[in-house]
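Asker: predicted model, plus sequence, below.
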Amino acid sequence: MRSGDNLRPTIITIFGGSGDLANRKLVPALYNLYLDDQLPEKFAIIGLGRTEYTDEKFRNYLRKGLDEFSRRGKAKKEDWNAFKDKIHYLISDVFDDKSYQEIGQKIKSLEEEWEETAISVFYFAISPSLIEPVAKKLGSNNLCDDKSCSRIVVEKPFGNDLESAQYLNQLLTEIFSEEQIYRIDHYLGKEAVQNMLVFRFANILFEPVWNRNFIEHVQITASETVGVEDRGGFYDKAGALKDMIQNHVLQLLCFTAMEAPVHFNADEIRNRKVDVLRAIRQYEGKEVFKNSARGQYAKGWIKGEKAKGYREEVKVDPKSYTETFAAIRFFIDNWRWQNVPFYVRSGKRMPEKMSVITIQFRSVPHQMFPNTTSEHMIPNRIIISISPSTGIRIRFQAKKMGLDMRLKPAEFKFSYSGMYENDQPEAYENLLHDIMTGDATLFMRSDEVEEAWRVVMPFVRAWSDHPPGTFPNYTAGTWGPEEVEALIAEDGFHWITAPLED
Ligand SMILES: NC(=O)C1=CN([C@@H]2O[C@H](COP(=O)(O)OP(=O)(O)OC[C@H]3O[C@@H](n4cnc5c(N)ncnc54)[C@H](OP(=O)(O)O)[C@@H]3O)[C@@H](O)[C@H]2O)C=CC1
Ligand SMILES: O=C1O[C@H](COP(=O)(O)O)[C@@H](O)[C@H](O)[C@H]1O
């Protein structure tokens, strides 16, 4: 039996169907689910937008995106021909009630054809400013009435600060129940992020040492080689703190630091993550600057190619003070993590693309080997590589081959790509599948989003009240401004730049 056979008929209506996210991520993910027999037999996509596509033109546009962005490369003709009939397009304006009536009619006619009611998923692949009007109109046009079979999906950024996130949560929960709302953070769909739960809570080896007694510090790096590409208009108002730290990086921190959930279910896991966010120390006054660093890239070179400076990017203010790099030293004030620094950093135009968590263990309490100084006593380290390579490295000490007793670090290495070739589902495949099955474990709950905003708000406020002295302050192709080295060096550590494959 196909896995998709367990799924109820489903219609995914995409506000912003003509946009980049739908083209680059959503439709390729749905197509791959189709190839993997993970879609129900009765399934349809309704794309929406003001662009004047016919069904045929819309399908052709999506086909080009699929060929370019799908992890499986170009679509095979026969597969695409079977899939494309599931795609429909409606020319519509989010402010126009008539559009919602047409959406309702389209859904009804598909259900009549299938002789079954469908789960209706409304995907908000639109700019954050359009969320409010779309939510209100879905409500006033009774399109989301049936709470058991309609869902909405809201993309990040969820709000622009704590206040706006609270406002948005309030608004959405007046129209929809919390169970209907799927707030996406695509990092949670990554295989390696989900594997962290398994690594930590399905193995007895690691959990006993996963605390302040054995772990010296934790580092989280989410670096990219790309600049802002064509998203200057959005990014210049956001910056690295709101674009990456508030969501993806804090999620990685939560998965690293959370207590063991009792059950594997959405609320249980989200409760444990909220506990971590609530325990993160809030800095005040000068502490904010003492525990953080920010930067903006100047022109430089990345992998042999010239890169523009941030201020020269399209739709970026030529005098912009928006940070393209952010680093913070967090402390989690609870029993497990007291005084263990968590250093996080994220930036664009760095030398390597990688999302990596490094768990640095303490040294052994006593060293007994002859001819061995503290220099040779390399402490254990676990590197969890989230992307682009996915896997885990564990460093330990081994005896160096030879007649005398000398030590040499060695590694255990686990790589998903080595195991599963190119069969790893993309983050959006996992997430879209979960939305269809109604599993909210990998989505953000309202209080979680708000707590994550609460964590970054001292930095948001202090950074905007005190513009940086000199921006740009790092060259494209480097690991950020000088201050970021000081942030960790003053504690006696250094940044570890070690992805899975090196
Ligand atoms: N692109 C990406 O990789 C990612 C995007 N996101 C988020 O997803 C959301 C969408 O991003 P993206 O796809 O890049 O944005 P785009 O600018 O590419 O697309 C915007 C979409 O909104 C539609 N739209 C705008 N105004 C209206 C209107 N009045 N009525 C109907 N449709 C309208 C446009 O359709 P038309 O022009 O046809 O009217 C278009 O389909 C944003 O919140 C973004 O932050 C999140 C993660 C990654
Ligand atoms: O959400 C975002 O994430 C991407 C990075 O995602 P990744 O999966 O490639 O690591 C980032 O480029 C973008 O600015 C941000 O909005």
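Answerer: Perfect, thanks for sending it. Ligands and ions are numbered 1, 2, ... in the order given.
Asker: most proximal residue of the chain with respect to ligand 2?
Answerer: Asp243 (4.8 Å; Cβ to the nearest ligand atom). The C-beta positions use only the backbone N, C-alpha and C, and glycine is treated the same way.
Asker: what's the neighbour count on that residue?
Answerer: 23 (other Cβ atoms under 10 Å).
Asker: so which helix or strand takes in the residue lying closest to it once chain neighbours are set aside?
Answerer: Closest residue in space to Asp243, ignoring its immediate chain neighbours: Tyr235 at 6.4 Å, by Cβ to Cβ, 6 or more residues apart in numbering. Using DSSP states H and E, Tyr235 sits in helix 232-238.
Asker: those residues of the stretch 201-350 of the chain touching ligand 2, which are they?
Answerer: For the stretch 201-350 of the chain, the residues in contact with ligand 2 (Cβ under 6 Å from any ligand atom) are Glu224, Asp243.
Asker: picking up where we left off before, gap between the helix holding Tyr235 and the chain center?
Answerer: 18 Å (Cα atoms, centre = their mean, to the nearest Å).
Asker: repeat that for stretch 87-97.
Answerer: Centroid separation for stretch 87-97 versus its chain: 28 Å, with Cα atoms, centre = their mean.
Asker: is it positioned near ligand 1?
Answerer: Yes - against ligand 1, stretch 87-97 shows contacts by Cβ under 6 Å from any ligand atom at Ser92, Asp93, Val94, Phe95.
Asker: first-to-last residue distance for that stretch?
Answerer: End-to-end distance for stretch 87-97, by Cα to Cα, to the nearest Å: 23 Å.
Asker: what are the contacting residues of it?
Answerer: 15, 17-18, 27, 44-55, 57-59, 62, 99, 102-103, 106, 126, 130, 133-134, 137, 140-141 (Cβ atoms under 8 Å, 6 or more residues apart in numbering).
Asker: buried ones from the residues you listed, can you make that a ChimeraX selection?
Answerer: The buried residues among the contacts of stretch 87-97 can be selected in ChimeraX (16 or more other Cβ atoms under 10 Å) with this line:
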select :15,17,18,27,44,45,46,47,48,49,53,58,59,62,99,102,103,106,126,134,137,141
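Asker: please flag which of the contacts of stretch 87-97 sit within helices.
Answerer: Of those, the ones assigned to helices by DSSP state H are 27, 55, 57-59, 62, 99, 102-103, 106, 133-134, 137, 140.
Asker: export those residues as a markdown table, with columns for distance to ligand 2 and pLDDT.
Answerer: As requested, those are arranged in a markdown table below (distance: Cβ to the nearest ligand atom, whole Å; pLDDT from 0 to 100):
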| residue | distance to ligand 2 | pLDDT |
| --- | --- | --- |
| Val27 | 17 | 98 |
| Asp55 | 30 | 97 |
| Lys57 | 28 | 98 |
| Phe58 | 25 | 98 |
| Arg59 | 27 | 98 |
| Leu62 | 21 | 97 |
| Ser99 | 28 | 97 |
| Glu102 | 31 | 97 |
| Ile103 | 27 | 97 |
| Lys106 | 30 | 97 |
| Pro133 | 23 | 96 |
| Val134 | 20 | 97 |
| Lys137 | 26 | 96 |
| Ser140 | 31 | 94 |
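Asker: the stretch 251-400 of the chain: helices as residue ranges?
Answerer: 266-279, 286-290 (DSSP state H, counting those that start in this stretch).
Asker: for the shortest one, packing partners?
Answerer: What it means is helix 286-290. Identification of packing neighbours for helix 286-290 by 3 or more Cβ pairs under 8 Å, 6 or more residues apart in numbering; DSSP states H and E yields helix 446-465.
Asker: can you tell me which of the ones in helices among the contacts of stretch 87-97 is closest to His433?
Answerer: Val27 (14.5 Å; Cβ to Cβ).
Asker: check contacts around the closest one.
Answerer: Shown in contact with Val27 (Cβ under 8 Å, 6+ apart): Ile45, Leu62, Gly65, Leu66, Ile87.
Asker: what's near enough to touch the residue nearest to Asp243?
Answerer: Counting by Cβ under 8 Å, 6+ apart, Tyr235 has contacts Val228, Asp243, Val316, Thr322, Thr324.
Asker: biggest separation within those residues, which pair?
Answerer: With distances taken as Cβ to Cβ, the most widely separated pair in those is Asp243 and Val316, at 13.5 Å.
Asker: list just the nearest of the contacts of Tyr235 to ligand 1.
Answerer: Nearest to ligand 1, judged by Cβ to the nearest ligand atom, of these is Asp243 at 8.9 Å.
Asker: got phi/psi on the closest one?
Answerer: When read as degrees, to the nearest 10, the backbone of Asp243 gives phi -80, psi -30.
Asker: let me know the secondary structure of Glu30.
Answerer: Just to correct that, residue 30 is Leu rather than Glu. When classified by DSSP: H, G, I helix; E, B strand; the rest coil, Leu30 comes out as helix.
Asker: count of residues packed around it?
Answerer: Using other Cβ under 10 Å: Leu30 sits among 27 other residues.
Asker: do I have it right that Ile131 meets Ala125?
Answerer: No - taking contacts as Cβ atoms under 8 Å, Ile131 lies outside contact range of Ala125: 10.8 Å.
Asker: comparing the two, which residue is more hemmed in?
Answerer: With neighbours defined as other Cβ under 10 Å, Ile131 and Ala125 compare such that Ala125 has more, 24 against 21.
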